[in-house]
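J.: predicted model and sequence below, questions to follow.
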There are 2 protein chains.
Amino acid sequence: MKPVKVGLLGLGTVGTGVVRIVEGHQEDLSSQVGSPVVIERIAVKNSGKTRSVAVDQGKLTEDPWDVIRDPEIDVIVEVMGGIDETKSYILEALERGKHIVTANKDLMALHGAEILAKAQEKQCDVFYEASVAGGIPIIRTLIEGFSSDRILKIMGIVNGTTNYILSKMSQEGASYEDVLEEAQKLGYAEADPTSDVEGLDAARKMAILGTLGFRSNIELKDVSVRGISQVTKEDITYAKRLGYEMKLLGIADRQDDHFSISVQPTMVRKGHPIAAVNGVFNAVYVYGEAVGETMFYGAGAGEMPTATSVVADLMAVIKNLRLGVNGLKAIVPYKPKKLKTDEQISYKNFILLHVDDKAGVLAKITQVFAEFGVSLESVVQQPNEHNPEAEIIIVTHQANKASMDKVLQHFEGLDVIRRIKSVYRVEG
Amino acid sequence: MKPVKVGLLGLGTVGTGVVRIVEGHQEDLSSQVGSPVVIERIAVKNSGKTRSVAVDQGKLTEDPWDVIRDPEIDVIVEVMGGIDETKSYILEALERGKHIVTANKDLMALHGAEILAKAQEKQCDVFYEASVAGGIPIIRTLIEGFSSDRILKIMGIVNGTTNYILSKMSQEGASYEDVLEEAQKLGYAEADPTSDVEGLDAARKMAILGTLGFRSNIELKDVSVRGISQVTKEDITYAKRLGYEMKLLGIADRQDDHFSISVQPTMVRKGHPIAAVNGVFNAVYVYGEAVGETMFYGAGAGEMPTATSVVADLMAVIKNLRLGVNGLKAIVPYKPKKLKTDEQISYKNFILLHVDDKAGVLAKITQVFAEFGVSLESVVQQPNEHNPEAEIIIVTHQANKASMDKVLQHFEGLDVIRRIKSVYRVEG
């Protein structure tokens, strides 16, 4: 059969991995799809650059439109990143009937609905397994593996940089600033780490997972986000003492077809499978009404793991090409999007307060919780080592967010409380 | 669109779950496939039996042939178990152009190749996600998620009964016999537990996973099997002391397109993700050349988790029906099967010896290892609490199986060794 011709946009880390797999595993790949798979053209920023993988110089172009407009090309593999310009390439490629494989979470989280609608109009495939959790085939799993089930909760460690930082802080008792600096030296964190450490990268991935898990069009603006830059080594010490590990968790949950999606540093009870996921690894925990607890673990980034997912998508496109069914299996979110109100969002909380060390303080504080209907799982008061203050450490039972917000607001005006030191969601 | 009609063979635990999901999630299911999904007929052993799920009495029959021969039925869901008779139902259903979803690992491990060949001839789908690791979509993951990669190793905890027993022995220091009895009372182990505890159930699942992972026709007879009935609480104590957990692992590994597949109690280093999988849970660890380490975790059995996989397969059949592509995506194992020789199979070993407590014994023993080229990672000699003997605990480096067998054979004839107490594979 005639070769399938692929146009590659981008030859950075992931693009290099894609070339390596397509060339290195050519025999296995063509055995599966019945024809050779050829990377026909590659758009790069600088065609003169020395590269760690051998590519025919004649295939390179510095103009992505050369690839998009090449009539020989059947499938576009987009691993260049970027949003607006990249979107215009993708939409034009679809317009020309080319199928798309992309690793671009930013693009899919922001413009996924528009791109998928265009793909459906043109009967083209758009696959994006690599956009979430690198080498873990979680998108397939949500679409196909759990097609029969009602997914109630997804909890994901979907950002390797922050998991590396929090794991190191936990294992070594180090400060956020020190570990971040080390992560930057090792290449695990960007020079400007904002997108990772402030939870934006994770939020984009959670918008994608939420859309697939709930079959409803979850957008980035629906995800409430808090990053890890305020997490102190003291917080982690308290977490460990109480039997928790601190993780940046993306959490999507559903009750009666109302959804909430958030990203925040979370204290996860040790013994929960996701609490043991350390370093740059990713994991996605999925709780289904019928299937119960499941978890999927693997490398969340890196040249070869991410390329594995990209090329698996490419294989799926080619199998569909052979059967003439591209674009016909698209999942269209069909559930109306009803987001939970703060009254409907409910979870446990950890609260650390610095208070005046005198009689009656604890009574005043617990009175506030009682007033707003928040019941407590545990309360510990202890002297603070460094100050003439006491510390109060509270873990609540499940409490709705509206009530918790009122409690914290009330604390702001309570003179015996010197400061609300930390507040974290608790899971597991 | 007209409803898709399903014939159900069996209404035991899993069958009941299938009815519950198809009825309870009908709206979600029909939204995905564009038509109602109807369970049209159900073959049961005893149609008069009281059941925990409401079914129309008129749909029941005690003769499976009534279901197979019903021309209205598009898809057969086989959850009755059994081998030879069940195989004849499946083959006849395929002959009649019906698609098959089965949870039957015994059938697929023993006759999968024949059934899949018939399915290909008749352009029918045969899906069997539920046959391995219940609710974990591991078969899809191997076929599609890792289609681009070369899988080098699969390690699976694929039998919940034995994992429950070993976890309890480890957590409570209890004996095999006591925990087995308790597991039987709780319904986690059968009255005749042989198939589980002797590793046969796991071996069948590993034949299926090996076939998919290596894309070569691995048969049950290719799997070397050892069960857990000889594992003592002392063995588990030693394992823990050395930093290992004892697990019944199915291990399929590959080197240069030579395969080995085995099931055996294995000491897994703590810290390896699979070492932390406890109780009746299952997990499959997959190491791919490109993707690296991944692991998939969830319930390995039970009514609803298993039914989740069965109904997910049913949805896949129906989507293919809509597209007219049933039977066209079958994976035909295309790699020649080359099994490793004992010289090519290599792993670490734990060995516990009871020896005479006198000078020169250790030298004699280490001399034997040296003679056969097996190098040692650690050796500990200590007095045995109860006997006038010493214990020697040895962990080898990677050693080939042929050499290890020679060492052990030689030990049999060595007068200073009173008994070879235990030998285990070591991983992680």
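T.: Arrived safely, thanks for sending.
J.: so what are the domain limits for chain A?
T.: A:4-134+A:303-323, A:138-299, A:346-427 (automatic domain parsing).
J.: ok, which of those comes nearest residue B:251?
T.: In terms of Cβ to Cβ, the element of these nearest to residue B:251 is domain A:138-299, at 18.3 Å. Where C-beta positions appear, they are placed from N, C-alpha and C, glycine not excepted.
J.: off-centre distance for that closest one?
T.: How far domain A:138-299 lies from its chain's middle: 7 Å, per Cα atoms, centre = their mean, to the nearest Å.
J.: before we move on, back to that, in CSV: the domains of chain A, plus distance to chain B and mean pLDDT.
T.: Shown next, in CSV, are these (distance: least, Cβ to the nearest Cβ, whole Å; pLDDT from 0 to 100):
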stretch, distance to chain B, mean pLDDT
domain A:4-134+A:303-323, 3, 96
domain A:138-299, 3, 96
domain A:346-427, 17, 94
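J.: any chance of the ones you listed in JSON lines, plus mean neighbour count?
T.: Putting these into JSON lines (neighbours: other Cβ atoms under 10 Å in any protein chain shown) gives the following:
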{"stretch": "domain A:4-134+A:303-323", "mean neighbour count": "20"}
{"stretch": "domain A:138-299", "mean neighbour count": "21"}
{"stretch": "domain A:346-427", "mean neighbour count": "16"}
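J.: I'd guessed residue A:427 sits against residue A:265; true?
T.: No. Contact criterion Cβ atoms under 8 Å: residue A:427 and residue A:265 do not qualify, at 11.1 Å.
J.: name the residues contacting each of those two.
T.: Among the neighbours of residue A:427, those also in contact with residue A:265 (Cβ atoms under 8 Å, 6 or more residues apart in numbering or on different chains) are residue A:249.
J.: wouldn't residue A:95 be in contact with residue A:119 here?
T.: No. Contact between residue A:95 and residue A:119 fails when scored by Cβ under 8 Å: they sit 10.4 Å apart.
J.: contacts only, for residue A:347.
T.: A:398, A:399, A:401, A:425, A:426, A:427.
J.: between these, which is closest to residue A:16?
T.: Out of the contacts of residue A:347, the member with the shortest distance to residue A:16 (by Cβ to Cβ) is residue A:427, at 37.3 Å.
J.: how about the contacts made by the closest one?
T.: Contacts of residue A:427 by Cβ under 8 Å, 6+ apart are A:155, A:249, A:251, A:266, A:267, A:268, A:269, A:272, A:347, A:348.
J.: tell me which other helices or strands the helix or strand that the third one is a member of touches.
T.: With secondary structure defined by DSSP states H and E, residue A:251 is part of strand A:244-255. Strand A:244-255 is packed against strand A:151-157, helix A:160-172, helix A:200-214, helix A:233-241, strand A:258-269, strand A:417-427, with contacts defined by 3 or more Cβ pairs under 8 Å, 6 or more residues apart in numbering or on different chains; DSSP states H and E.
J.: any idea of the angle that strand forms with helix A:160-172?
T.: 140 degrees (axes from the mean of the first three to the mean of the last three Cα atoms, to 10 degrees).
J.: quick check: angle from strand A:244-255 to helix A:233-241?
T.: Going by the same axes, to 10 degrees, strand A:244-255 makes 80 degrees with helix A:233-241.
J.: name every strand pairing with strand A:244-255 and say which way it goes.
T.: Within its sheet, strand A:244-255 is paired with strand A:151-157 (antiparallel), strand A:258-269 (antiparallel), according to DSSP bridges.
J.: figure out which of those is closest to residue B:209.
T.: Among the strands paired with strand A:244-255, strand A:151-157 comes nearest to residue B:209, with 25.1 Å by Cβ to Cβ.
J.: and the contacts of the closest one?
T.: A:132-133, A:142, A:163, A:202, A:205-206, A:209-210, A:213-214, A:247-255, A:274, A:277, A:281-289, A:300, A:427.
J.: distance to residue B:362 for the helices and strands packed on strand A:244-255 - can I get that in JSON lines?
T.: Listed next are the helices and strands packed on strand A:244-255 as JSON lines, based on distance: least, Cβ to Cβ, whole Å:
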{"stretch": "strand A:151-157", "distance to residue B:362": "47"}
{"stretch": "helix A:160-172", "distance to residue B:362": "37"}
{"stretch": "helix A:200-214", "distance to residue B:362": "55"}
{"stretch": "helix A:233-241", "distance to residue B:362": "42"}
{"stretch": "strand A:258-269", "distance to residue B:362": "46"}
{"stretch": "strand A:417-427", "distance to residue B:362": "51"}
